[in-house]
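Visitor: got a sequence here, can you model it:
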Amino acid sequence: MEQTFISSIRLNSPVEKDSYLNKLPVVRHLAGMDTLNFSSRVTFLVGENGTGKSTLLEAIAIAYGFNAEGGSRNFNFTTKGTHSELYRHLTIARRAYPKDGYFLRAETFYNAASYIDEVGAAGSYGDRSLHEQSHGESFLSLVQNRFRGNGIYLLDEPEAALSPSRLLVLLAQIHELATQHSQFIIATHSPILMAYPGAEVLELTQAGISSVDYRQTEHYQLTRSFLENPEKMLGYLLEN
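Guide: Here you go, the predicted model:
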């Protein structure tokens, strides 16, 4: 087992009965497990929309001390409090304490970039304000300039801003940081990212949470089927 900063999580108390969180498969499954373990330096949370992977990642981030809208642990801003209460029910088992850390989420990246400009920290994220770059450029600029290694990095759907070629660049950055004693937990739909060698892919479904080979995920199989024969699949989809 590789050395990780977050080794496992568990629910330490039941979620309120009338909470919408109980409708999420990930919450139901966590309630029936002793712990959810993280045994690799790079872990992907994958699953269909609505399974709760981003909600879980958000809860892990907040419980660990990160700002709900993203950033490092010393970020202190709120534009609109929409995060769930799941973090209050999580216990995180830690093996060590990182020297660096960041919670990067696509949904609120604009808010975090604005905060960076407001506090005058833009120079730590490259030679230009993140707002002066394209969405994809700013994502990579943040990772390349702000992620320093020996850290815990939580990424929520980073592929939302990146082209396939930039996803490969991100993979290279993840690898470099992983070799510098960093841990990544990433919620994603991207088969490209899931292919990272040695990563653990935790698939969230209605049936449970299981560790799978990325080729077994619906994301990979559907993407492969489409690329191998788009005409056939489009015929099924678009036929009258």
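Visitor: now do the helices in this structure.
Guide: 25-31, 53-64, 109-118, 135-146, 164-178, 191-194, 218-228, 230-238 (DSSP state H).
Visitor: buried set for the first one?
Guide: When you say that, I think you mean helix 25-31. Along helix 25-31, these residues count as buried under the neighbour rule (16 or more other CB atoms under 10 Å): 25-27, 29-30. Where C-beta positions appear, they are placed from N, C-alpha and C, glycine not excepted.
Visitor: about what we covered before: need the helices of the chain in TSV (columns: mean pLDDT).
Guide: Listed next are the helices of the chain as TSV, based on pLDDT from 0 to 100:
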stretch	mean pLDDT
helix 25-31	92
helix 53-64	93
helix 109-118	65
helix 135-146	80
helix 164-178	95
helix 191-194	96
helix 218-228	94
helix 230-238	90
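Visitor: just send the ones you listed back as a markdown table, with distance to Val46 too.
Guide: Shown next, in a markdown table, are these (distance: least, CB to CB, whole Å):
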| stretch | distance to Val46 |
| --- | --- |
| helix 25-31 | 11 |
| helix 53-64 | 7 |
| helix 109-118 | 21 |
| helix 135-146 | 19 |
| helix 164-178 | 15 |
| helix 191-194 | 7 |
| helix 218-228 | 6 |
| helix 230-238 | 21 |
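Visitor: nearest to Ser210, of these?
Guide: Comparing the helices of the chain by their distance to Ser210 (CB to CB), the top pick is helix 25-31, with 9.6 Å.
Visitor: how far out from the middle of the chain is that closest one?
Guide: Computed by CA atoms, centre = their mean, to the nearest Å, the chain-centroid distance of helix 25-31 equals 18 Å.
Visitor: that helix - contacts with which helices or strands?
Guide: strand 6-11, helix 53-64, strand 200-204, strand 209-212 (3 or more CB pairs under 8 Å, 6 or more residues apart in numbering; DSSP states H and E).
Visitor: CA atoms of the shortest one as CSV?
Guide: Yep, that's strand 209-212 we're talking about. Output in CSV follows, covering the C-alpha atoms of strand 209-212 (Å, rounded to 0.1, in the frame of the first residue of the first chain):
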residue,chain,number,x,y,z
ILE,A,209,-18.8,1.3,-4.5
SER,A,210,-16.2,-0.9,-6.1
SER,A,211,-12.6,-0.8,-7.2
VAL,A,212,-12.5,-1.5,-11.0
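Visitor: take the helices and strands packed on helix 25-31 and write them to TSV, including mean neighbour count and distance to Leu227.
Guide: Shown next, in TSV, are these (neighbours: other CB atoms under 10 Å; distance: least, CB to CB, whole Å):
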stretch	mean neighbour count	distance to Leu227
strand 6-11	19	34
helix 53-64	23	24
strand 200-204	23	20
strand 209-212	15	20
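Visitor: contacting residues for Asp156?
Guide: 54, 57-58, 103-107, 186-187 (CB atoms under 8 Å, 6 or more residues apart in numbering).
Visitor: what's the most distant pair in those?
Guide: Glu107 and Ile186 (14.4 Å).
Visitor: which one of the two is surrounded by more residues?
Guide: Ile186 (26 against 14; other CB atoms under 10 Å).
Visitor: contacts for stretch 17-27 next, please.
Guide: 11, 15, 28, 47, 50-53, 55-56, 84-86, 204-206, 209.
Visitor: hmm, 7 Å instead?
Guide: For stretch 17-27, contacts defined as CB atoms under 7 Å, 6 or more residues apart in numbering pick out 15, 28, 51-53, 55-56, 84, 86, 204-206, 209.
Visitor: now stretch 158-166: buried residues?
Guide: 158-162, 166.
Visitor: who's in contact with that stretch?
Guide: Here stretch 158-166 makes contact (CB under 7 Å, 6+ apart) with 104, 106, 135-136, 139-140, 167, 170, 186, 188-190, 192-193.
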